[in-house]
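Engineer: This is a predicted model, with the sequence first.
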Amino acid sequence: MRISTEGLLIVLAFTVVLVVELRTVLAWFNLELTVFESLMFSVALIVAIVVWALFPQDGSRDTDASGSS
Amino acid sequence: MSDATVNDAAKTTESTTSEPLGETYLDKFPAEAKVVRSALYSSFLALALGGLFGVIQTLHRTDFLRIMESETYYTVLTAHGVFLVIAFTIFFLVGVFTWAVTTSLDREVEDIRFTWAWLGTMTAGAAMAAAAILAGFTDSLDMSADVLFTFYAPMQAHPLFYLGLTVFVVGTWMAGADWFRSWFAWKKENPGERIPLPTFMVLTTMIMWYVATLGVATAILAFLLPWSLGLIDSVNPTLTRTLFWFFGHPVVYFWLMPAYMMWYVLLPKLSGGKLFSDPLARVVFVLFLLLSTPVGIHHQYLDPGISEGFKFIAMTNTMFLLLPSLLTAFTVVASMEHGARQRGGTGRIGWLKALPWRDPVFAGMALAGLMFAAGGFSGMINAGMNINYLVHNTLWVPGHFHLTVGTAVALTFMAASYWFIPQLTGKKLWNRPVALVQVVLWFVGMTFMANAMHRAGLLGMPRRTAEPQYDGFEYEAGVGSVAELDAQIALGGIILTLSLVLFFAVIIGTVLGSRSDEVPANGYADTLSGPEDSPKILDNLKLWFGLAVVLVIIAYTFPLLSIIERGGLFGPDITAFPQSIDIVSMAWLTVEQYATDTFTSATEVAQATIDGVLR
Amino acid sequence: MSSATEQNQADQGAGGPQLDHPVREIGHDEYDPIGTLTLIMLYFLLLAFLWVFMYFVEFLGNDPTVIGWIGTGVGMA
């Protein structure tokens, strides 16, 4: 993993903010996306981030994702 | 005591925070820990109920799920507002403030019975107000309080509602007295010493609260309560509204100050650094004490009966009030950066990666702070008199305060609970990853909900409305459609509810766990620049109190006089809504009549008896 | 200085082999909050931009919000 699981979670949270605002902002520049297009774009973006984060998998990083219960 | 901390800290190997383990608040102050715990549990109960009503009304007004009549919407909205912004926030505040005073003065409360007494008073008041509100759900009781958090006349609540609020506020006054008493006792033993920062924050906030609550106390005790009891026939709605907002703006800082305190005294420590500047923190709290109250009229920009000039003065004061919040943004971010750099962070932006994002307490507070920066902008829009006309009474405003009190405050409190509950129970946090997911979900849910609310507000969609759709009228949606905005609001509401469920899972899981040695030591952040660098005048609470009163007198005397001059103390003869209260006063009259009759007949009997005996 | 503060100073030094332990100590004089300056400048620029934008939209465009292309809103088209 390139970043920790927790880091990925935070990055994805910020991505949601970007995605929610993006369609409005693009529309101001005459780029009208439909809801479906912007949904597809968001999914693609999130998948890209997850893939980037997960590969290459070196597994050496120690995270406490399993919890401390 | 520092030795004990160091020794305990050496034991740990697998803790994932930078906080050393050691003596918890529970170990040091067992009796106080019980009080703080009770206060926090009360606040969580209010949060659970308020959150439930939140999702019900979100789905109702977006027309996804209407499980109730639209008339009941206002009962739900009142419960959502009052439970969250009065009970949840203030119960949490008294818990945190008690922690802050005892920890920073390093002394127990002066009399634990008094401490329990104020908590009991607050609880009784909250229960009374809650009973009056919840009674609105049933027709079998002739009682309701569907007056929303602002209880504007001519909407009228059952007397129990006003009485409950009064008792609750009296409880907070007693709590303030308790903390001042601790400070006086400490000062006697430590003459000439600077007030420790957390206690300073508590005391300035409470002075602000004493000044502010005079407004609401007058509104309730002099007008609304007698009116709802039927003792007076009418009130002047402009007057009671103005008195409400005299309290209504400072109360938002009353919610915010404990969150600020967490950002100043806990966040730097969790980031692995020190508070950038103690003097700056003091200046911020003094500014809030001075400026929170004389700005209330900015909530009434659209009220007729208050002249534009007074509104302009309130706007100017409000713009000054941005200063302490921007100072806070600087100090808090600088403290976090100090921690990040001590942890090895580098670069202009890269240091952000070195922050302990895996710690739910840190992540929750940092995300809350970020949301607050966004809420700051919509707040500036609200504050501007002319721009306010465009968004007043639209969904923009709930969008704004769900970023501020709904996230900056609520998310900070939830994150802080993950630190406090282990401190107060001596038990380890039940599941850190779930806690982290919870705070992130809150952030994401609020992104959807608040964003769509702001945008819907710009289209003119009204707030406080069960069915914001009208025949023969369509909102002109900018980008996308109203249906899409509604979907975003509903989606946000659902995510927030899910987040709440996880929050309670973590809290309950923690409380039900067993005692652990792996709880961080009680304490708060050290400072890079300490109180010795600040002028002593900052600690002169009498001076700041005096100035605050003077500013309030300047800002409010003339508006109040002009309102009374125009509408009279008790206003034009207004008709209360709902009318059910007439039944109460009729019932009262009946009781009175019955009592009089009984008394008269008793007197007659007695008279006859006496006459008989004498004869 | 109260004993609570001393305790916190002790906290700072008492680390143990922890995962996220600070790797260096930065004092008052060495600390240069350049990252804070960066973030604050970004926020300031954002606020300034939104404020100017708001003026064009609300007053010159006379619409409560931007509808369609931004150019119409700010009177450019």
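Structural biologist: Yep, that arrived.
Engineer: Dump stretch B:70-86 to PDB, restricted to CA.
Structural biologist: Only the C-alpha atoms of stretch B:70-86 are listed here, as PDB (Å, rounded to 0.1, in the frame of the first residue of the first chain):
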ATOM      1  CA  SER B  70     -47.200  17.500   8.000                       C
ATOM      2  CA  GLU B  71     -48.600  19.300  11.100                       C
ATOM      3  CA  THR B  72     -46.500  17.000  13.300                       C
ATOM      4  CA  TYR B  73     -43.400  18.100  11.300                       C
ATOM      5  CA  TYR B  74     -43.100  21.200  13.600                       C
ATOM      6  CA  THR B  75     -43.100  19.000  16.800                       C
ATOM      7  CA  VAL B  76     -40.300  17.000  15.200                       C
ATOM      8  CA  LEU B  77     -38.400  20.100  14.200                       C
ATOM      9  CA  THR B  78     -38.800  21.700  17.600                       C
ATOM     10  CA  ALA B  79     -37.500  18.500  19.200                       C
ATOM     11  CA  HIS B  80     -34.600  18.300  16.800                       C
ATOM     12  CA  GLY B  81     -33.600  21.900  17.500                       C
ATOM     13  CA  VAL B  82     -34.100  22.000  21.200                       C
ATOM     14  CA  PHE B  83     -32.600  18.600  22.000                       C
ATOM     15  CA  LEU B  84     -29.500  19.200  19.900                       C
ATOM     16  CA  VAL B  85     -28.700  22.800  20.400                       C
ATOM     17  CA  ILE B  86     -29.800  23.200  24.000                       C
END
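Engineer: ok, and for it, which residues are buried?
Structural biologist: B:72-86 (16 or more other CB atoms under 10 Å in any protein chain shown). C-betas here are computed from N, CA, C, even on glycine.
Engineer: ok, now stretch A:18-36?
Structural biologist: The neighbour-count check on stretch A:18-36 (16+ other CB under 10 Å) flags A:19, A:20, A:22, A:23, A:24, A:27, A:28, A:33 as buried.
Engineer: does the fifth one count as helix, strand or coil?
Structural biologist: It stands for residue A:24. helix (DSSP: H, G, I helix; E, B strand; the rest coil).
Engineer: So it is in contact with residue B:455, correct?
Structural biologist: Yes: Residue A:24 lies in contact with residue B:455 (CB atoms under 8 Å); the separation is 7.4 Å.
Engineer: Can you check the pLDDT for the closest residue to chain C within chain A?
Structural biologist: Closest approach between chain A and chain C, counting by CB to the nearest CB: residue A:28, at 3.7 Å. The model reports residue A:28 with a pLDDT of 77.
Engineer: Could you tell me which residues make contact with the closest residue to residue B:93 other than its chain neighbours?
Structural biologist: Distances taken as CB to CB, 6 or more residues apart in numbering or on different chains put residue B:258 closest to residue B:93, at 4.6 Å, once the chain neighbours are dropped. Residues near residue B:258 by CB atoms under 8 Å, 6 or more residues apart in numbering or on different chains: B:89, B:92, B:93, B:96, B:97, B:205, B:409, B:413.
Engineer: how far out from the middle of the chain is whichever strand or helix holds the second one?
Structural biologist: In this structure, residue B:92 sits in helix B:89-105 according to DSSP states H and E. Distance, stretch centre to chain centre, for helix B:89-105: 14 Å (CA atoms, centre = their mean, to the nearest Å).
Engineer: tell me what that helix is packed against?
Structural biologist: helix B:30-61, helix B:112-134, helix B:159-189, helix B:197-218, helix B:237-265, helix B:410-425, helix C:3-13 (3 or more CB pairs under 8 Å, 6 or more residues apart in numbering or on different chains; DSSP states H and E).
Engineer: just to revisit the earlier point, for the residue of chain A closest to chain C, give its distance to residue A:22.
Structural biologist: According to CB to CB, to the nearest Å, residue A:28 and residue A:22 sit 11 Å apart.
Engineer: Helices of chain A, start to end?
Structural biologist: Ranges of helices in chain A, per DSSP state H, are A:5-28, A:35-54.
Engineer: Type out the ChimeraX command that picks the buried ones from the contacts of residue B:258.
Structural biologist: To isolate in ChimeraX the members of the contacts of residue B:258 that are buried, counting by 16+ other CB under 10 Å, one can use:
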select /B:89,92,93,96,97,205,409,413
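Engineer: Now tabulate the contacts of residue B:258 in a markdown table and tack on pLDDT and distance to residue B:375.
Structural biologist: Output for those, formatted as a markdown table (pLDDT from 0 to 100; distance: CB to CB, whole Å):
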| residue | pLDDT | distance to residue B:375 |
| --- | --- | --- |
| B:89 | 97 | 15 |
| B:92 | 98 | 19 |
| B:93 | 98 | 19 |
| B:96 | 98 | 21 |
| B:97 | 98 | 23 |
| B:205 | 97 | 20 |
| B:409 | 97 | 10 |
| B:413 | 98 | 16 |
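Engineer: quick revisit: and the buried residues of stretch B:70-86, which is closest to residue B:372?
Structural biologist: residue B:85 (15.9 Å; CB to CB).
Engineer: Can you classify that closest one by secondary structure?
Structural biologist: helix.
Engineer: Out of the buried residues of stretch B:70-86, flag the one nearest to chain C.
Structural biologist: Using CB to the nearest CB, the buried residues of stretch B:70-86 come closest to chain C at residue B:77, 24.4 Å.
Engineer: quick one: contacts for that closest one?
Structural biologist: With CB under 8 Å, 6+ apart, residue B:77 has these contacts: B:53, B:57, B:148, B:464.
Engineer: Next, count neighbours for the second one.
Structural biologist: By other CB atoms under 10 Å in any protein chain shown, 21 other residues sit near residue B:57.
Engineer: Distance check, it against chain A.
Structural biologist: Distance, residue B:57 to chain A, by CB to the nearest CB, to the nearest Å: 22 Å.
Engineer: just checking, that residue touches residue B:78?
Structural biologist: No: the criterion here is CB under 8 Å, and residue B:57 misses it with residue B:78 at 10.1 Å.
Engineer: Check what pLDDT residue B:35 gets.
Structural biologist: pLDDT recorded at residue B:35 is 97.
Engineer: re earlier: which of the helices and strands packed on helix B:89-105 has the highest mean neighbour count?
Structural biologist: helix B:410-425 (a mean of 26; mean count of other CB atoms under 10 Å in any protein chain shown).
Engineer: Give the other helices and strands that it contacts.
Structural biologist: helix B:25-28, helix B:30-61, helix B:89-105, helix B:237-265, helix B:360-383, helix B:432-458, helix B:482-512.
Engineer: mind saving the C-alpha coords of that helix as CSV?
Structural biologist: Extracted in CSV, the C-alpha atoms of helix B:410-425 (Å, rounded to 0.1, in the frame of the first residue of the first chain):
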residue,chain,number,x,y,z
ALA,B,410,-21.1,18.3,17.1
LEU,B,411,-18.2,16.5,15.3
THR,B,412,-15.6,18.1,17.7
PHE,B,413,-17.7,16.9,20.6
MET,B,414,-18.1,13.4,19.2
ALA,B,415,-14.4,13.2,18.5
ALA,B,416,-13.6,14.6,22.0
SER,B,417,-15.9,11.9,23.5
TYR,B,418,-13.5,9.3,22.1
TRP,B,419,-10.9,11.0,24.3
PHE,B,420,-13.1,11.8,27.3
ILE,B,421,-15.0,8.5,27.7
PRO,B,422,-11.8,6.5,28.3
GLN,B,423,-10.6,9.3,30.7
LEU,B,424,-13.9,9.1,32.6
THR,B,425,-14.3,5.4,32.7
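Engineer: on that earlier part again, could you identify which of the helices of chain A has the lowest mean pLDDT?
Structural biologist: Between the helices of chain A, the lowest average pLDDT goes to helix A:5-28, which shows a mean of 88.
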